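Peer 1: Got a predicted model here, sequence first, then my questions.
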2 protein chains.
Amino acid sequence: MTVSLEDARALDAADPLRSARDRFVLPDGVYLDGNSLGPLPTATIDRLREVAEQQWGGDLITSWNRHGWIDAPARIAAKLAPLLGAKPEELLIADSTTVCLFKLLAAAVRARPGRTTILTEDRNFPTDLYVAQGLVEMLPHVELKSVAAGEIAGAVDDQTAVVMLTHVDYRSGARHDMAAVNAAAHAQGALALWDLSHSAGAVALDLNRDGCDLAVGCGYKYLNGGPGAPAFLFVAKLLQDELRSPIQGWMGHAEPFAFESDYRPALGIAAFLTGTPSILALTALEAGLDTFAGLSMADVEAKGQALLDLFIGEVEARCGPEVTLASPRDPTQRGSQISFTHRHGYAVMQALIERGVTGDFRAPDLIRFGFAPLYNRFEDAWRAADTLADILATRAWDEPRFHARAKVT
Amino acid sequence: MTVSLEDARALDAADPLRSARDRFVLPDGVYLDGNSLGPLPTATIDRLREVAEQQWGGDLITSWNRHGWIDAPARIAAKLAPLLGAKPEELLIADSTTVCLFKLLAAAVRARPGRTTILTEDRNFPTDLYVAQGLVEMLPHVELKSVAAGEIAGAVDDQTAVVMLTHVDYRSGARHDMAAVNAAAHAQGALALWDLSHSAGAVALDLNRDGCDLAVGCGYKYLNGGPGAPAFLFVAKLLQDELRSPIQGWMGHAEPFAFESDYRPALGIAAFLTGTPSILALTALEAGLDTFAGLSMADVEAKGQALLDLFIGEVEARCGPEVTLASPRDPTQRGSQISFTHRHGYAVMQALIERGVTGDFRAPDLIRFGFAPLYNRFEDAWRAADTLADILATRAWDEPRFHARAKVT
């Protein structure tokens, strides 16, 4: 059973989020790679110009006070809070996701002295594994234990210091049951640390309701903060006095401008700041978060799942057994992306991109489509499936030019 | 003996660097705080617009290949190399200064197993001390030993893993003898790690000639990279195989796009990359470094020292004993800033700023003037001294409004 292009357009016309698309500069074609890099928000252009030309150019060093640069990491975090179901004072914008993860993972291990294990999923996002591998090399009494996704809750024991997981898998889009993992960790006295890079801004999170301890996430995917945008970190209110960042810098000092020789951490979440953040990068991230203004994350998630359902239905109805769904069918068990396997996935994705449907390829055989509910339409989902069906039916992917690998894939 | 405004202008007319000033957007008045935040380069405006609108906005994810985003940390480092006397492949742009320092300090300690001490100066820049304090809390077998500046070389012993110093003191501008400290460290088998935040772009460095092992530095002071610009790090070629960053991320992996579960460091300096860098922030830093195009650092340093000499001469001749020079008189022993003490230094600096001479105050009593040879003129040095002399002669600083402290000082 398939829907028509007109059906898809009718769904767009009835979409309560449809005007959010106007907040973005979008290229021609269908962009289904917002889970790698969100598009440019229209407002970002003027905000960057204002901060570069008027503030930096005109007011120079006085801008730290006059234009609130010093408060930016906390001010922008407050705009992120409603997307995550967290309190503003539990969040900070800082560094890269990787550096934030290092800080919180090291802090968590230190907060559970005597425990010997960081528990993670064996197919966790690679950079998260690299961070943990680097940390355990520094701390010889700690080891990294990796198990399959379904075995996490059962593998927590009284030696587990912290469970470290990515909420939504970058390949399949499978979503962990956050509340259940947190409960399993807490039952054994362990902490839980989540990487929200593939869920923040795409699904409705409620970190406080679900008993989250710690989290980090990416600013340049669904949050639309620009290439390499600063990351965010979350430390639950009750843990902030107990945890200590291993990377101590002046921005996290109780009195940054007292220039004291001894480190005294700031009260609360500010202690997790380190060095001076890029104000240009923060400006773009703030404008990225402003694209969510007035939207409910329940609506965002509902639209995202409806887009995915339409896309799966069309692909399965029209592409035949050549592609196999590699993502959960249950909307509560997935993020906002859909992957299919195809033996020649790389070439298929290159052919799609040439026809204006931009998704992503992940080795060995996954074609991946990220749906961002703020700007992707039902028409986009229909067109992507239609283009894929045509490419497969005509074997259009079977051209030498579609097999040459680029540096960044 | 004082010079006249006409003398100063004649020096400007004869200055071989005088056209470099046209590369900047400069506010009215005299800006002597480029050692806190360099001004906006004219070219930065269009570069930011191009990267945001054409690249991010127009080409989205394909820009990583098409516009060389993936190569930016190394490409920009190559522009920095001639300023530091280093090889391009010894430098990277990454993270903040604080995070870079944490990486290299941890790597240095690990490269000298069995040794117990990080040696530093007791009046080192506070955030550098905080980093070291945080690291030794993670590594119980290592301690931080702080001695007076003059006692560093004599305090290195066979337990010293690494000597960590800031090249130019942020208060006085006093410059360490880099080659001598490196030699003292090496004689005991220790490494030396330099923070170049207050010297890069202001004095002629030759890290290779002087036997440097490791260094970090700031992008937003004399390098004009914008507020909170990314930092740089240097690892001498011969040490790159031996040292290992403790913060392992996907950008430092041998094959970042293979998404392997185990970390394998990239060959060479790239192993010190961690997470995805902000492309907007890198763009501004690259334009900042381009302001040095075609200039010799020997000329830059020579002009800087001549500016300092003129300023000291004028202040001492015209301000009397109310102010006392707190910086070295010998140009080879200082960076590109001059500090004086004044009992009411804070209020004096506020009065200067109100009259358009922007310097900085550092507790308890230092007024600090940073001279950036690319855009500061001899006329600026003369005017700053003239304004200071008038403020002191008339006690113009003695107004209640000049005593109220701002959040960022």
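Peer 2: Thanks, I have the structure now. Numbering: from 1, shown residues only, chains lettered A, B, ... in the order given.

Peer 1: so where do the helices sit in the stretch 201-350 of chain A?
Peer 2: A:279-290, A:297-319, A:345-354 (DSSP state H, counting those that start in this stretch).

Peer 1: what's the following helix or strand after the shortest one?
Peer 2: Reading on from helix A:345-354 to the C-terminus, the next helix or strand found by DSSP states H and E is strand A:357-358.

Peer 1: Quickly check: the longest strand along chain A near chain B or not.
Peer 2: Assignment by DSSP state E gives strand A:160-166 as the longest strand of chain A. No. Strand A:160-166 stays clear of chain B (CB under 8 Å from any CB of the partner chain), getting no nearer than 12.6 Å. From N, CA and C alone the C-beta is placed, and that goes for glycine too.

Peer 1: and that strand, which strands flank it?
Peer 2: Applying DSSP bridges, strand A:160-166 is found paired with strand A:117-121 (parallel), strand A:191-195 (parallel).

Peer 1: Deepest in the core, which of those is it.
Peer 2: strand A:191-195 (a mean of 27; mean count of other CB atoms under 10 Å in any protein chain shown).

Peer 1: chain center to it: distance?
Peer 2: The chain centroid and the centroid of strand A:191-195 are separated by 14 Å under CA atoms, centre = their mean, to the nearest Å.

Peer 1: Likewise for stretch A:230-239?
Peer 2: Distance, centroid of stretch A:230-239 to centroid of chain: 15 Å (CA atoms, centre = their mean).

Peer 1: Tabulate the CA atom coordinates of that stretch in CSV.
Peer 2: What follows is stretch A:230-239 as a C-alpha-only set of coordinates in CSV (Å, rounded to 0.1, in the frame of the first residue of the first chain):
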residue,chain,number,x,y,z
PRO,A,230,30.1,23.4,20.5
ALA,A,231,28.7,20.5,22.4
PHE,A,232,26.6,20.4,25.5
LEU,A,233,26.9,18.6,28.8
PHE,A,234,24.3,17.7,31.5
VAL,A,235,25.0,17.0,35.2
ALA,A,236,21.9,16.3,37.3
LYS,A,237,21.5,18.9,40.1
LEU,A,238,22.0,16.4,42.9
LEU,A,239,25.3,15.2,41.5
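
Peer 1: Please name the residues that touch A:E143.
Peer 2: A:E143 is in contact with A:116-118, A:136, counting by CB atoms under 8 Å, 6 or more residues apart in numbering or on different chains.

Peer 1: sorry, that was for A:M178
Peer 2: So A:M178 contacts A:167, A:194, A:205, A:210, A:212 (CB under 8 Å, 6+ apart).

Peer 1: now, which of those sits nearest chain B?
Peer 2: Chain B lies nearest to A:W194 out of those, by CB to the nearest CB, at 16.9 Å.

Peer 1: Quick check: the gap between the closest one and A:S245.
Peer 2: 18 Å (CB to CB, to the nearest Å).

Peer 1: List the buried residues in whichever strand or helix holds A:V131.
Peer 2: Assigned by DSSP H and E, A:V131 belongs to helix A:126-138. Within helix A:126-138, the residues scored as buried using 16 or more other CB atoms under 10 Å in any protein chain shown are A:126-132, A:134-136, A:138.

Peer 1: right, is it up against chain B?
Peer 2: Yes. For helix A:126-138, a contact with chain B is found by CB under 8 Å from any CB, at A:126-127, A:129-131, A:133-135, A:137-138.

Peer 1: Of all pairs in the residues you listed, which one is the farthest apart?
Peer 2: A:P126 and A:M138 (19.2 Å; CB to CB).

Peer 1: how about A:E260, what does it touch?
Peer 2: By CB under 8 Å, 6+ apart, the neighbours of A:E260 are A:253, B:126.

Peer 1: okay, now the one residue in the stretch 151-300 of chain A that gets nearest to chain B: neighbour count?
Peer 2: Closest contact between the stretch 151-300 of chain A and chain B, by CB to the nearest CB, is at A:G275 (2.7 Å). The number of residues packed around A:G275, counting by other CB atoms under 10 Å in any protein chain shown, is 27.

Peer 1: ok, now how distant is it from B:L105?
Peer 2: For A:G275, the distance to B:L105 equals 14 Å [CB to CB].

Peer 1: list residues touching both of those two?
Peer 2: Common neighbours of A:G275 and B:L105 (CB under 8 Å, 6+ apart) do not exist.

Peer 1: First residue to last residue on stretch A:219-238, what's the distance there?
Peer 2: End-to-end distance for stretch A:219-238: 25 Å, by CA to CA, to the nearest Å.

Peer 1: swap that for stretch A:20-32, please
Peer 2: 16 Å.

Peer 1: okay, the helices of the stretch 201-350 of chain A, which one's buried deepest?
Peer 2: helix A:279-290 (a mean of 27).

Peer 1: close to chain B, is that one?
Peer 2: Yes. Using CB under 8 Å from any CB, helix A:279-290 reaches chain B at A:279-282, A:284.

Peer 1: so can I have a markdown table of those residues showing pLDDT?
Peer 2: Converted to a markdown table, the residues of helix A:279-290 next to chain B look like this (pLDDT from 0 to 100):
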| residue | pLDDT |
| --- | --- |
| A:I279 | 98 |
| A:L280 | 98 |
| A:A281 | 98 |
| A:L282 | 98 |
| A:A284 | 98 |
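
Peer 1: Using TSV, lay out these together with distance to B:L239.
Peer 2: As requested, these are exported to TSV (distance: CB to CB, whole Å):
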residue	distance to B:L239
A:I279	33
A:L280	32
A:A281	30
A:L282	34
A:A284	36
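
Peer 1: Pick out the most distant pair among the residues you listed.
Peer 2: Pairwise distances across the residues of helix A:279-290 next to chain B peak at 10.0 Å for A:I279 and A:A284 (criterion: CB to CB).

Peer 1: Where do the strands of the stretch 1-150 of chain A begin and end?
Peer 2: A:24-25, A:30-31, A:40-41, A:91-94, A:117-121, A:143-147 (DSSP state E, counting those that start in this stretch).

Peer 1: Tell me which of those strands sits most buried.
Peer 2: Sorting the strands of the stretch 1-150 of chain A by mean neighbours (by mean count of other CB under 10 Å), the first place falls to strand A:91-94, with a mean of 28.

Peer 1: who does that strand pair up with?
Peer 2: strand A:231-235 (antiparallel).

Peer 1: Now do the strand it pairs with, average pLDDT.
Peer 2: For strand A:231-235, mean pLDDT is 98.

Peer 1: Pipe the helices of the stretch 201-350 of chain A into TSV and attach distance to B:G228 per row.
Peer 2: Output for the helices of the stretch 201-350 of chain A, formatted as TSV (distance: least, CB to CB, whole Å):
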stretch	distance to B:G228
helix A:279-290	5
helix A:297-319	29
helix A:345-354	35
